[in-house]
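J.: sequence unknown, structure follows:
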């Protein structure tokens, strides 16, 4: 595993291990309250863990999951459909590996994620929390930062509702935190649930794809330039830190979150989970040599040690793709939509995600692991984006009005399509749903039916009053 760095909190020069792994920050004694939890088991609570693969930028639904071969050419685009392992389920021709896993897929083609701004910020918030973005997303746009009283991310709700085990975090995010500061995307945090339930963020490395680092964990100021590159050095550091804890105990009271952060990194399970080099060369090759693929592999390893919710945000930090697609990166294909999908995005996704499904299935873990693929938006069904030259630029603009979500495993019946969009893939037609329905379906799969919480004044509130689980999928 790679180096881990701890931030200085001003406690003192000798205070080596100080504090706050995001997602492990504890409450004061007066604030502590059990929010309730359920464990995966039989029936609707079959999923013990969820891996959410978020395709940052906005994947074109009409070119992948919800193709319209009979639509006019200016809508249907260049790609052909391909037969799959599930009768009646068709995919884009550039998803051949996933087509062989289609009998595990449930496609929800009727998700209406409409937001007034039709942009990334609000799209993130809507699809990650299940809540419609408030008016500040209109007034502030990309300057709308995450707020402490935002509605919580689905993964953070799961973190709050599941009992923590062996010092491990209940929610982990890889391989980056969208997006580049100061434009951090709202909706990915615990919000009004409190930072205690924020995810632990772990950074990947595009150049060294098997390397992961926890950015919240740094060394204190007495060794500002040192890096802990090996597990042995890290554990030796812990031994020294424990002695320091004893020395300063009479002066400073250490909080529970600091102790839990230390237990996390001292855990051999935690260290091993992120060390994907322990996998066979065949497994590494099957997933593919990319930061996104290795994050999916690490996610599978985290499921094996009992982490309830893992998020993989597709890394947008690829300048070549950004320039080619006239965008900020990822799936934001404002220009050269078809070339970007065919040559860059779809091959990597196809290999990595199909490998994850195949891997979990072969290990007998798919029934108890829910996989979800979503994005902040779809793309305009009609080809052409003014920012890349209109029709000649072959791009697709933002389109929050219709997108496809994909569910796999966790008790969901594979080989099915739920709902449909209209003939041009512009709006949901049959069985329209919202991100709230999808969020409730995740909770249903994980057996979480208690969505009550309390605010800072101990007033009860419901975490997601809208939507119903899509029980037909199970």
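T.: Looks like it arrived, so ask away. Treat the numbers as computed from the prediction; the structure is a model and nothing was measured.
J.: ok, residues contacting stretch 408-416?
T.: 43-44, 46-47, 50, 85-89, 102-107, 357, 360, 366-372, 445-446, 473-474 (CB atoms under 8 Å, 6 or more residues apart in numbering). Glycine gets a C-beta too; all of them are placed from N, C-alpha and C.
J.: now it: average pLDDT?
T.: Mean per-residue pLDDT for stretch 408-416: 97.
J.: stretch 280-293 too?
T.: 98.
J.: again with stretch 364-377
T.: What stretch 364-377 shows for mean pLDDT is 98.
J.: residues contacting the nearest residue to residue 159 once chain neighbours are set aside?
T.: Excluding the flanking residues, the one nearest residue 159 by CB to CB, 6 or more residues apart in numbering is residue 170, at 3.6 Å. For residue 170, the contact set (CB under 8 Å, 6+ apart) comprises 23, 158, 159, 160, 162, 164, 197, 307, 308, 309.
J.: again, only using 6 Å
T.: Residues in contact with residue 170, defined by CB atoms under 6 Å, 6 or more residues apart in numbering, are 159, 162, 164, 308.
J.: again, but for residue 287
T.: 293, 297, 352, 355.
J.: how close does the residue nearest to residue 159 sit to residue 310?
T.: Noted for residue 170: a distance of 10 Å to residue 310, by CB to CB, to the nearest Å.
J.: so what's the residue count around the nearest residue to residue 79 once chain neighbours are set aside?
T.: Closest residue in space to residue 79, ignoring its immediate chain neighbours: residue 92 at 5.2 Å, by CB to CB, 6+ apart. When neighbours are counted by other CB atoms under 10 Å, residue 92 registers 24.
J.: endpoints of stretch 169-183, how far apart?
T.: Terminal residues of stretch 169-183 are spaced 26 Å apart (CA to CA, to the nearest Å).
J.: buried set for it?
T.: Neighbour counts over stretch 169-183 (16 or more other CB atoms under 10 Å) mark 169, 170, 171, 172, 173, 174, 175, 176, 177, 178, 179 as buried.
J.: right, and the fifth one touches residue 309 too?
T.: Think residue 173. No - with contact defined as CB atoms under 6 Å, residue 173 does not reach residue 309; the gap is 9.3 Å.
J.: where does the residue nearest to the spatial centre of the chain land in three-state SS?
T.: The chain has residue 311 as the residue nearest its centroid, 2.8 Å off, counting by CA atoms, centre = their mean. In three-state terms, and counting by DSSP: H, G, I helix; E, B strand; the rest coil, residue 311 is strand.
J.: so what's it up against?
T.: Counting by CB under 6 Å, 6+ apart, the residues that residue 311 touches are 52, 155, 173.
J.: what's the answer for residue 128, then?
T.: Residue 128 neighbours (CB under 6 Å, 6+ apart): 153, 187, 188.
J.: 10 Å instead, please
T.: Applying CB atoms under 10 Å, 6 or more residues apart in numbering to residue 128 gives the contacts 52, 54, 150-156, 178, 185-189, 311, 374, 376, 435, 439.
J.: for it, phi and psi?
T.: Main-chain torsions, residue 128, degrees, to the nearest 10: phi -90, psi -20.
J.: hmm, back to that, could the contacts of residue 311 go into TSV alongside secondary structure and pLDDT?
T.: Formatted as TSV, the contacts of residue 311 follow (DSSP: H, G, I helix; E, B strand; the rest coil; pLDDT from 0 to 100):
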residue	secondary structure	pLDDT
52	strand	98
155	helix	98
173	strand	95
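J.: which one among those gets closest to residue 303?
T.: For these, the residue nearest residue 303 by CB to CB is residue 52; the value is 12.1 Å.
J.: was I right about the closest one contacting residue 173?
T.: Yes - Residue 52 lies in contact with residue 173 (CB atoms under 10 Å); the separation is 9.5 Å.
J.: joint contacts of those two?
T.: Common neighbours of residue 52 and residue 173, using CB under 10 Å, 6+ apart, are 153, 155, 309, 310, 311, 312, 313.
J.: what is the nearest of the residues you listed to residue 406?
T.: residue 312 (13.5 Å).
J.: any idea what that closest one is bridged to?
T.: Residue 312 forms beta bridges with residue 53, residue 174, as assigned by DSSP bridges.
J.: so who does it touch?
T.: Here residue 312 is in contact with 51-56, 172-176, 204, 291-299, 352-353, 356, 373 (CB under 10 Å, 6+ apart).
J.: what pLDDT is listed against it?
T.: 98.
J.: for residue 40, same thing?
T.: So residue 40 comes in at 37 (pLDDT).
J.: can you check residue 122 too?
T.: pLDDT, read off for residue 122, is 97.
J.: so it lies in a helix, does it not?
T.: Yes - under three-state DSSP, residue 122 falls within a helix.
J.: that one reaches residue 139, doesn't it?
T.: No - contact status for residue 122 versus residue 139: not in contact, 11.6 Å apart, counting by CB under 10 Å.
J.: tell me which helix or strand residue 406 sits in.
T.: Taking DSSP states H and E as the criterion, residue 406 maps to strand 403-409.
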